[in-house]
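K.L.:
Show me the folded form of this:
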Amino acid sequence: MRIAPLLAATLFGLLAAPALAVDPPYQEEMERLSEIMGSLYFLQPLCRPEGGADWRAEMGDLISLDQPDEDRKQRLAGAFNAGYEAYARLYRACTVSADQSLTRLLVEAEKTARDIHTRYAE
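P.N.:
From the prediction side, this is the model:
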């Protein structure tokens, strides 16, 4: 039968392939938080330039604390950039809508960070 060589080749391919890292259970929430932080990085200086967090530095701190592998690090950075770009396409000046988005995102960021900490912190 020809199934045996095909099966052997398939098994060899599976064994020879590098093992893929398993994402932590909070990865989806971390990517959302990263996206929010990217959005805040764009909106806060636009609408509330006085004071406020440096969201890019906060993102760097978050990545440093989480110590993700390179793949996860790239996905978190990509989510941050996607959040930034989404609002950069919409706004050139602070509007009522932009300010409302900023307020909503601040609330969502706090809730998401609290949820991650509550559910997964050691």
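K.L.:
in terms of contact, does Ile36 touch Leu105 like I think?
P.N.:
Yes. Using Cβ atoms under 8 Å, Ile36 makes contact with Leu105 at a distance of 5.3 Å. In this view, the C-beta of every residue, glycine as well, is placed from N, C-alpha and C.
K.L.:
Settle it for me: which of the two has more neighbours?
P.N.:
Taking other Cβ atoms under 10 Å, Ile36 and Leu105 do not tie; Ile36 has more neighbours (24 against 20).
K.L.:
So for the more buried one, what's the nearest residue that isn't a sequence neighbour?
P.N.:
Ala109 (4.6 Å; Cβ to Cβ, 6 or more residues apart in numbering).
K.L.:
Starting from Glu35, give me the distance back to that neighbour.
P.N.:
For Ala109, the distance to Glu35 equals 10 Å [Cβ to Cβ, to the nearest Å].
K.L.:
okay, the two: which has more neighbours?
P.N.:
Counting neighbours by other Cβ under 10 Å for Ala109 and for Glu35 shows that Glu35 has the greater number, 23 against 20.
K.L.:
For Thr118, the count of nearby residues, please.
P.N.:
8.
K.L.:
For the remainder of this discussion, apply numbering that starts at 37.
P.N.:
In the new numbering, first residue 37, that becomes Thr154.
K.L.:
list the contacts for it?
P.N.:
For Thr154, no contacting residues are found, by Cβ atoms under 8 Å, 6 or more residues apart in numbering.
K.L.:
how about it, secondary structure?
P.N.:
helix (DSSP: H, G, I helix; E, B strand; the rest coil).
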